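Q: Next comes the sequence, and after it the predicted model I'd like to discuss.
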Amino acid sequence: MCGISGIFGLEGLSDSESIICSMNAALAHRGPDAEGHWMGKNLALAHRRLAIIDLSDEGKQPMSNADQSVILVFNGEIYNYLELKEELKDYPFRTRTDTEVIIAAWKTWGVKCLQKFNGMFAFALWDEQKQTLFIARDRMGIKPLYYTYQGQSILFASEIRSLLASNLVPRKMDHNALVDYLRYQTVHAPQTILKDVLMLEPGHYMLIQDDDVQMRCYWDASRDYDRSAIDLSRSEVKTKIRELLADSVSLRMRADVPFGAFLSGGIDSSSIVALMSKSSPHPVKTFTVSFNEQDYSEAEFAGLIAKKFNTDHTDIRLSADDFLNTLPAALKAMDHPSGDGPNTFVVSKVTKEAGVTMALSGLGGDELFAGYPVFKRSVDLLDKKWLMTFPKPLRNFGTTMLKKAKPGAASEKIAALLNQDYLDLEFSYPLSRQTLLDVHISKLLNTNELPVNAVQEILKNETSFGKSGFELPFLSRISHAEIRSYMQNVLLRDTDQMSMANALEVRVPFLDHRLVSFVYGVADQLKYPHSPKQLLVESMGDLLPAEVVNRPKMGFTFPWSIWMRNELKHLCTEALAKLADHPAFNKAEINKLWDAFLKADPRYTWSRIWHLVVLADWLDKNGIE
């Protein structure tokens with residue numbers, strides 16, 4: 001786990017070595033163990049190292065093969081590197097790293113090496129003989145890679161702050177991306193909040209030769225999923241899921257440093273800890289964040305799992321004052337604005353301070369096993385398509401009455417849904433995940449001309465939502481929508497930037513591509529959520545105690561509403577005042593939203609305000625026009 005940066009096209013740059021060193025220095029937090037850079041005729045590569053596998057100096061990067069014909073910088077882990085070494089017996093390995101396996105795989109299989117890797121990664125590989133730069137990102141988008149075209153140069157890095165450190169990238173906000181952020185508290189790849197800065201999409205690679213840049217998709221879960229489950233019984237499906245998840249956990253426990261797990265006491269993290277305990281000869285280190293506000297605390301359930309599996313457990317008790325003291329560091333660590341990052345920052349910080357360098361997380365379980373309410377809501381909507389037969393004026397009247405009778409964010413979304421022309425998933429899902437509705441955004445930005453909805457565009461262009469994709473089971477289509485939007489662009493981005501701000505590597509066993517591929521092919525009737533994540537629970541057998549299985553779903557969230565009206569009120573007020581003065585925003589509307597939230601207006605939940613606070617802080621800190 002590390003940070004990488006590079007520049008292709010050095011002509012016209014007065015001091016390219018100084019530039020790449022500045023870019024690398026901006027990533028120091030990602031790799032405190034070592035740094036290095038390499039200068040070629042027309043290419044510069046740099047690396048910051050967080051040593052996880054082979055802690056010796058042999059693992060330093062940039063790494064080359066024996067004749068210096070291949071140079072590599074790599075961020076992430078190839079979990080099956082030992083198995084690949086067996087396939088690559090003829091290669092003269094000089095280290096025990098997974099990094100060197102990438103070089104050997106490229107020399108043997110070329111771009112097809114990507115199909116061999118089980119891991120999370122973003123890397124850049126230069127082949128001197130072919131004069132080719134090969135840049136790739138893992139299938140699920142766990143590790144980030146940003147890039148930008150500036151004159152004759154292509155710059156790329158693990159974080160946007162590294163690109164900005166080059167002083168070659170204009171600090172200008174993209175208007176369409178701003179609307180996307182207001183809608184979804186993030187910006188969806190390939191776009192970012194900055195104009196002309198892009199993100200390599202998951203499952204994609206770039207091949208660059210001179211002026212020729214080829215972009216290719218090498219894996220798409222909705223296209224490449226495993227069809228074998230259709231011929232299996234329920235018992236066989238559960239056995240297969242248990243085997244795949246257990247193997248995924250086992251692979252992700254390969255490390256030469258102390259490691260542990262995030263434990264919320266929910267089904268997902270409890271499943272990971274249970275399987276880790278079965279594979280580990282020593283007690284697993286587990287970490288839970290709990291609060292003085294008992295309605296938000298999961299300490300009781302985490303304690304049950306810790307006791308059942310005899311883990312070395314740390315309960316991180318957090319008060320509002322603790323969080324307030326930590327929040328400036330969390331906001332400073334934010335590489336790209338997001339409404340959901342500080343949660344991960346806090347637990348990563350304490351985990352790292354406990355001497356752990358790598359931790360496993362239950363992220364991905366909800367998306368794969370229908371754990372979110374949107375799954376049941378979307379199924380229910382299939383039976384309510386008859387509502388769309390009513391004339392739109394009649395539907396408008398009904399939704400107006402609903403908003404008056406039961407004011408709140410939920411009623412507003414129902415109204416917006418019924419005022420659409422269709423209830424199909426392609427139209428209902430994007431609305432379900434919106435933070436601010438378009439009617440609010442138009443007022444905030446003083447315009448009725450908003451760009452197309454980014455999530456709608458993603459789903460419209462996906463195989464699973466096209467003519468050839470209807471074979472994908474309906475619940476798996478929702479899973480894919482969740483993964484391609486919220487998970488990849490909020491959860492995974494936040495997990496990377498906030499954990500790496502503390503030099504902590506986070507691994508996500510539920511996102512092993514083999515497991516994702518198999519679960520995508522499972523029929524709806526085996527997965528339908530009659531109870532929380534029923535198929536996962538049944539697959540885990542007797543490993544999960546009933547108290548955890550049957551507990552109400554809480555989700556890993558902080559008591560934001562309480563804190564923002566009290567201890568965090570001053571911080572929020574100052575940030576929103578800065579945003580109100582920004583030329584893109586309507587000052588009166590910003591003040592109206594904040595005032596309504598303070599008065600506990602049910603239409604303005606904390607999530608509709610907090611991402612505005614984060615945006616204001618990020619724009620100010622980074623000097624974005």
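A: Perfect, I can see it now. Fair warning: this is a prediction, and the values are worked out from it, not measured in the lab.
Q: can you count the residues close to C21?
A: With neighbours defined by other CB atoms under 10 Å, the count for C21 comes to 17. C-beta here means a position set from N, CA and C on the backbone, and glycine is covered the same way.
Q: Please report how far it lies from E128.
A: Separation of C21 from E128 (CB to CB, to the nearest Å): 22 Å.
Q: and what of S428?
A: From S428 across to E128, the span is 51 Å (CB to CB).
Q: more crowded one of those two?
A: Neighbours per residue, other CB under 10 Å: of S428 and E128, the larger number sits with S428, 20 against 16.
Q: who does the helix or strand hosting the more buried one touch, helix- and strand-wise?
A: Element membership for S428 (DSSP states H and E) is helix 425-432. On a contact count with 3 or more CB pairs under 8 Å, 6 or more residues apart in numbering; DSSP states H and E, helix 425-432 meets helix 373-382, helix 409-418, helix 454-461, helix 474-482.
Q: Tell me which of these lies nearest to F597.
A: Among the helices and strands packed on helix 425-432, the nearest to F597 by CB to CB is helix 409-418 (11.4 Å).
Q: circling back: which stretch among the helices and strands packed on helix 425-432 comes nearest S153?
A: Nearest to S153 among those is helix 454-461 (27.5 Å), distances taken as CB to CB.
Q: Check which helices and strands that closest one is in contact with.
A: In terms of contacts (3+ CB pairs under 8 Å, 6+ apart), helix 454-461 is packed against helix 175-184, helix 425-432.
Q: deepest of those, which one?
A: Counting by mean count of other CB atoms under 10 Å, helix 175-184 has the highest mean neighbour count of those, with a mean of 22.
Q: helix or strand right after it?
A: strand 197-199.
Q: between the helices and strands packed on helix 425-432, which has the poorest average model confidence?
A: If the helices and strands packed on helix 425-432 are sorted by mean pLDDT, helix 409-418 sits at the bottom with a mean of 68.
Q: list the contacts for P342?
A: Residues near P342 by CB atoms under 8 Å, 6 or more residues apart in numbering: F323, T326, L327, A330, L331, M498, F558.
Q: try it again with 7 Å
A: L327, A330 (CB atoms under 7 Å, 6 or more residues apart in numbering).
Q: Is R48 bridged to anything, and to what?
A: Counting by DSSP bridges, R48 is bridged to G3, E35.
Q: ok, it - contacts?
A: Applying CB under 7 Å, 6+ apart to R48 gives the contacts C2, G3, N24, L27, A28, R30, G31, E35.
Q: likewise W109?
A: Residues near W109 by CB under 7 Å, 6+ apart: K116.
Q: distance of D54 from Q61?
A: Taking CB to CB, one finds D54 at 12 Å from Q61.
Q: Specify which residue of these two has the higher count of neighbours.
A: Remark: of D54 and Q61, Q61 carries more neighbours, 26 against 16, as counted by other CB under 10 Å.
Q: returning to that earlier point: alpha carbons of the helix holding S428, in PDB - could you do that?
A: The C-alpha trace of helix 425-432 is given here as PDB (Å, rounded to 0.1, in the frame of the first residue of the first chain):
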ATOM      1  CA  LEU A 425     -34.900   1.000 -11.700                       C
ATOM      2  CA  GLU A 426     -32.900   3.200 -14.100                       C
ATOM      3  CA  PHE A 427     -35.000   6.100 -13.000                       C
ATOM      4  CA  SER A 428     -35.900   5.200  -9.400                       C
ATOM      5  CA  TYR A 429     -32.500   4.200  -8.200                       C
ATOM      6  CA  PRO A 430     -30.700   7.500  -9.000                       C
ATOM      7  CA  LEU A 431     -33.300   9.400  -7.000                       C
ATOM      8  CA  SER A 432     -33.100   7.100  -4.000                       C
END
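Q: could you give the angle of it to helix 454-461?
A: Taking axes from the mean of the first three to the mean of the last three CA atoms, to 10 degrees, one finds that helix 425-432 is oriented at 160 degrees with respect to helix 454-461.
Q: and helix 425-432, how far from the chain's centre?
A: Distance of helix 425-432 from its chain centroid, counting by CA atoms, centre = their mean, to the nearest Å, is 20 Å.
Q: That one relative to helix 373-382, how many degrees between them?
A: In terms of direction (the same axes, to 10 degrees), helix 425-432 departs from helix 373-382 by 140 degrees.
Q: gap between the closest residue to V537 other than its chain neighbours and I305?
A: Of all residues not flanking V537 in the chain, V549 sits nearest, at 5.4 Å (CB to CB, 6 or more residues apart in numbering). Applying CB to CB, the value for V549 to I305 is 11 Å.
Q: which SS class is the residue most central in space within the chain?
A: Nearest to the mean C-alpha position of the chain, by CA atoms, centre = their mean, lies L492 at 1.3 Å. Under the three-state scheme (DSSP: H, G, I helix; E, B strand; the rest coil), L492 adopts helix.
Q: so it touches K143, yeah?
A: No - L492 is beyond contact range of K143, at 8.6 Å (criterion: CB atoms under 7 Å).
Q: Name all residues that make contact with the residue nearest to the centre of the chain.
A: G141, I142.
Q: so how many other residues sit close to K352?
A: Counted with other CB under 10 Å, K352 comes out at 18.
Q: Can you name the helix or strand that it falls in?
A: K352 is part of helix 342-353, with elements assigned from DSSP H and E.
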